[in-house]
Structures are given as C-alpha cells and as structure tokens.
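Peer 1: Build me a model from this:
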Amino acid sequence: MANDELDTDRTSGRVRIDKWLWAARFYKTRGLSAEAIDAGKIEVNGERSKRSRLVQAGDRVRIRSGPFEHIIIVRGVSERRGSAAMAQALYEEEPESRKAREAMAAHVKAMNANTGYESGRPTKKDRRDIERVRRRT
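Peer 2: The predicted structure follows:
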C-alpha cells in the first residue's frame, strides 16, 4: 500500500495509541479503546501506556481482550479508520502470539462444547420424559 493511503501523521509519523487502536480496528469506538488503556489492558514496548502515548512504526503493542492476547508490531500509523484491508496494513501479529491465541480459542471452544445446551429448550416430549423419570424416584 502507498504511504499516502494510510493517512499518516506527516509531521512525526506518530499517533496517539487510542486513535491507533481504533484505526487498526481492535476496538469499535475510540472510547472503548480509551477504556481498555485505562484498565491496563494495553502495553506498548513492555510498559503500561496512557491514552496520549504516541506509537510509531516498529513499536511492540500487547493487547489483552478477555482470555485472548495479541502481541503485534506496528507497521504504519493512521488517525483515520479505513477499510479492514487498510487496518490490517497497520500492524503485523507475531507468529507466537497467533499460535497462542488459536490454542486458547480451541481450548475455550472445547470447554463450551460440554454444556449440553446445543439443542435449545426441551420439547414437550422431553419435558414429559423428564417428569416420568422424576416420578419414579
């Protein structure tokens, strides 16, 4: 992608972390990205950051969201939210982070598979069968 398509901050090549997270589509709104930063879920270069922290190309950002953790390298900066393709050009996820995240997704999926609620609510026949079993005991 051309550099002008990313709408970079031409004065220094640096952007506030809350704007960058929003532009890179990690959060739907800038307010949500600011809340995540305030909650300590975002680290830049191994340090807890503030909303006003400036990021530039080459910075390492750690994003924790629920049980998942993204460790990414900033490849470009933008103050505007663009298409998903443009957002993906702003960062590169580390391979170890991707493997760990996929393993965690498989683990979460396996834990939720044994709930027994895949079929939804019991039918009328299921309820009658349950009542019949209850009356026996």
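Peer 1: Might you list the low-confidence residue ranges for the protein?
Peer 2: Within the chain, the stretches with pLDDT under 70 are 1-12, 113-119, 137.
Peer 1: ranges for the helices of this protein?
Peer 2: 17-23, 30-38, 84-88, 95-112, 124-136 (DSSP state H).
Peer 1: Give me whichever of these is most buried.
Peer 2: Highest mean neighbour count of those: helix 17-23, a mean of 24 (counted as mean count of other CB atoms under 10 Å). C-beta: built from backbone N, CA, C; applies to glycine.
Peer 1: Can I get that helix in PDB, CA atoms only?
Peer 2: Below are the C-alpha coordinates for helix 17-23, written out as PDB (Å, rounded to 0.1, in the frame of the first residue of the first chain):
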ATOM      1  CA  ILE A  17      -2.400   4.900  21.000                       C
ATOM      2  CA  ASP A  18      -6.100   5.300  21.500                       C
ATOM      3  CA  LYS A  19      -6.600   6.600  17.900                       C
ATOM      4  CA  TRP A  20      -4.300   4.000  16.500                       C
ATOM      5  CA  LEU A  21      -6.200   1.100  18.200                       C
ATOM      6  CA  TRP A  22      -9.400   2.500  16.800                       C
ATOM      7  CA  ALA A  23      -8.000   3.000  13.300                       C
END
